[in-house]
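1. Turn this into a structure:
(one chain, ligands or ions: 1)
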Amino acid sequence: MIPDVLERMELREALPGISEQQAVLTVRKAMGAELRGYSAFPPSQEAREIDSSVAAEARCGRCGAVGLAFAGFTLWADFTRDDGWASYRAFAVCPVCHDIQEF
Ligand SMILES: [Zn+2]
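-> Reported below is the predicted structural model:
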């Protein structure tokens with residue numbers, strides 16, 4: 001049990017991680033005009049915590065790597081209010097093959 005867990009931890013550490021900022025740049029490049037007007041962050045700290053943990057446990061559909069980076073984009077109707085967002089799009093970016101999945 002314990003050696004198995006340790007092996008998996010080593011595997012995870014060996015993966016080349018990418019930061020949220022790098023993930024944002026990757027998604028912006030790939031989506032182009034579709035994200036025009038969006039801010040490159042989620043609508044709240046709560047959304048960031050939930051969605052980055054979802055991405056961190058997700059598996060890449062293309063290469064099978066586990067532990068994807070999160071990138072959130074928010075389109076604001078009224079940015080002076082926490083709930084003033086019109087559209088929120090969350091993406092998971094693979095640190096290995098840079099495949100992008102929207103979730
Ligand atoms: Zn991948």
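2. What lies in contact with stretch 44-59?
-> Residues from elsewhere that reach stretch 44-59, judged by CB atoms under 8 Å, 6 or more residues apart in numbering: 20, 41-42, 65-70, 72, 82, 88, 90, 92-93, 101, 103. Bear in mind the C-beta positions are built from the backbone N, C-alpha and C, glycine included.
3. so how far is that stretch from its chain's centroid?
-> The gap between where stretch 44-59 is centred and where its chain is centred comes out at 7 Å by CA atoms, centre = their mean, to the nearest Å.
4. what stretches of the protein score poorly on pLDDT?
-> Residues of the chain meeting the criterion pLDDT under 70: 1-16.
5. And for residue 61, nearest residue in space, chain neighbours not counted?
-> Spatially, and ignoring its direct neighbours in sequence, residue 61 is nearest to residue 101 (6.1 Å; CB to CB, 6 or more residues apart in numbering).
6. Touching, that neighbour and residue 91? I think so.
-> Yes - Residue 101 lies in contact with residue 91 (CB atoms under 8 Å); the separation is 6.7 Å.
7. Mind checking which of those two has more residues around it?
-> Taking other CB atoms under 10 Å, residue 101 and residue 91 do not tie; residue 91 has more neighbours (23 against 16).
8. Could you give the bridge partners of that one?
-> residue 71, residue 102 (DSSP bridges).
9. who's in contact with it?
-> 23, 27, 70, 71, 72, 73, 100, 101, 102, 103 are the contacts of residue 91 under CB under 8 Å, 6+ apart.
10. burial count for the last one?
-> If I follow you right, that is residue 103. So residue 103, with other CB under 10 Å, has 12 neighbours.
11. quick one: it and residue 51, what's the gap?
-> Distance, residue 103 to residue 51, using CB to CB, to the nearest Å: 8 Å.
12. Thank you, goodbye.
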